[in-house]
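Q: Just a sequence and a predicted model for now, questions to come.
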Amino acid sequence: MSSHRLEASGTSESTNNNSSQTPNRRAPVWEYYEPDLVEIDGVLKAICKYCGTKLTANRKSGTNSLRTHIAEHCPTIPSDDRNKFVATMKKKHVDGSFTFNQQRSRDLMIAWCVRADVAFNKFDDEGFEPWMESLQPAFRCIGRQMIRNECVAKFERAKIELRSELQSLNSRICFTSDLWTSNQKLGYICVTAHYIGPDFVLKKKIIAFKDLKYPHTGVAIEEAITTVLTDYGIKEKMFTITLDNAANNKAACDLLQESGKSDMLFGGEHLLVRCCAHILNILVQDGMNIVSAVIELIRDLIRHINSSPSRIQDFNEIAQRECLAAKAGLVLGKKKTRTRIC
């Protein structure tokens with residue numbers, strides 16, 4: 001029987017396989033076990049701090065056996081430590097001082113709906129109201145229309161707070177913007193504000209995601225950005241704006257500089273920042289054009305191998321001879337056409 005210790009991070013000198021088996025150690029029960037795991041016959045074990053018992057510890061087994069050992073079976077754990085751990089396992093009981101707050105429950109429901117991106121029609125499901133009544137009979141369920149109105153009202157309140165925060169800044173604001181076309185061929189523009197708050201923490205807020213009608217000319221882009229900045233009352237706080245390396249974006253920046261030159265630092269000379277990621281994307285796409293013929297040959301080869309079980313078997317025999325893992329089949333990704341975001 002062989003054994004060696006492993007660090008709690010799950011790394012092992014002998015194999016990389018252990019990293020995928022090492023459990024997540026966020027559960028409170030891990031405080032009662034040694035920080036290092038031990039591997040015995042290829043199985044990771046956790047060592048009890050009190051009695052030295054070794055219990056299986058990996059992602060598949062979970063922590064049930066570890067909790068049961070500490071709560072019931074460990075012979076040497078002090079009673080105070082055992083009772084403390086058992087208390088953490090018990091669910092909080094509602095005492096007589098609890099008072100149900102209808103509005104607080106609705107506010108939390110709205111926050112959950114927004115954060116989890118829940119569809120409004122889920123609240124009209126026939127099983128939703130009985131479920132809520134089983135939890136709190138006094139809770140008055142609301143339908144999708146009211147949920148929608150509450151979410152919109154929450155958005156308006158958050159927008160007012162953000163507008164006030166941006167207007168009260170003593171510093172300039174940098175912006176990024178991009179155009180996006182949906183599957184329905186509708187154009188949208190997104191504007192994001194980047195600024196340093198009073199606590200000297202860098203913040204990033206999406207201040208607009210709105211439709212932009214075709215054609216996406218420089219004038220249309222400039223009007224959309226100006227409308228957003230005017231709505232928030234922060235046009236005079238603009239420092240720079242990062243845009244894709246496209247002619248219409250350059251024209252939009254020229255118009256922004258012309259209309260707000262007196263409020264910009266250095267007269268808006270450094271207003272436009274060209275997006276390095278977009279430039280790099282264009283370079284990569286140009287490079288892909290050079291090797292497109294080779295890529296197409298590889299795709300044809302994958303189709304040839306996948307077309308017959310015997311060819312897949314021959315392919316796996318070659319892979320195994322090279323100490324590579326066998327495959328049930330080769331994945332042929334969707335072919336993408338070369339496009340420019342300009």
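A: It's in.
Q: The closest residue to A138 other than its chain neighbours: what secondary structure?
A: In space, and not counting its chain neighbours, A138 is closest to F100: 5.4 Å by CB to CB, 6 or more residues apart in numbering. For every residue, glycine as well, the C-beta is placed using N, CA and C. What DSSP: H, G, I helix; E, B strand; the rest coil gives for F100 is coil.
Q: what about C74, neighbour count?
A: Neighbours of C74 under the rule other CB atoms under 10 Å: 20.
Q: My read is that it contacts R82, right?
A: Yes. In this structure, C74 is within contact of R82 by CB atoms under 8 Å, at 7.3 Å.
Q: Find the nearest non-adjacent residue to P78, please.
A: Once flanking residues are discounted, P78 sits nearest to Y50: 8.0 Å by CB to CB, 6+ apart.
Q: before we move on, back to that, how much space is there between the residue nearest to A138 and L229?
A: Applying CB to CB, to the nearest Å, the value for F100 to L229 is 44 Å.
Q: swap in W112?
A: Distance of W112 to L229, given as CB to CB: 32 Å.
Q: same deal with G268?
A: 13 Å.
Q: now do L186
A: When distance is defined by CB to CB, L186 is 23 Å away from L229.
Q: quick one, which of these two is more surrounded?
A: Higher neighbour count among L186 and L229: L229, with 24 against 12, using other CB under 10 Å.
Q: ok, Y214 - contacts?
A: By CB atoms under 8 Å, 6 or more residues apart in numbering, Y214 lies in contact with G187.
Q: and T242, that's in a strand?
A: Yes. Assessed with three-state DSSP, T242 lies in a strand.
Q: you'd agree it is up against V273?
A: Yes. T242 is within contact range of V273, at 4.3 Å (criterion: CB under 8 Å).
Q: who's more crowded, those two?
A: Per other CB under 10 Å, whichever of T242 and V273 has more neighbours is T242, with 19 against 15.
Q: So in terms of bridging, what pairs with that one?
A: Counting by DSSP bridges, T242 is bridged to T176, V273.
Q: residues touching it, list them.
A: So T242 contacts C174, F175, T176, S177, V273, R274, C275 (CB under 8 Å, 6+ apart).
Q: repeat that for 6 Å
A: By CB atoms under 6 Å, 6 or more residues apart in numbering, T242 lies in contact with T176, V273, C275.
Q: Return the distance of it relative to T181.
A: T242 sits 20 Å away from T181, going by CB to CB.
Q: tell me the SS of the residue nearest to H194 when sequence neighbours are not counted?
A: Residue nearest to H194 in three dimensions, not counting chain neighbours: C174, with 4.5 Å by CB to CB, 6+ apart. The assignment at C174 comes out as strand when based on three-state DSSP.
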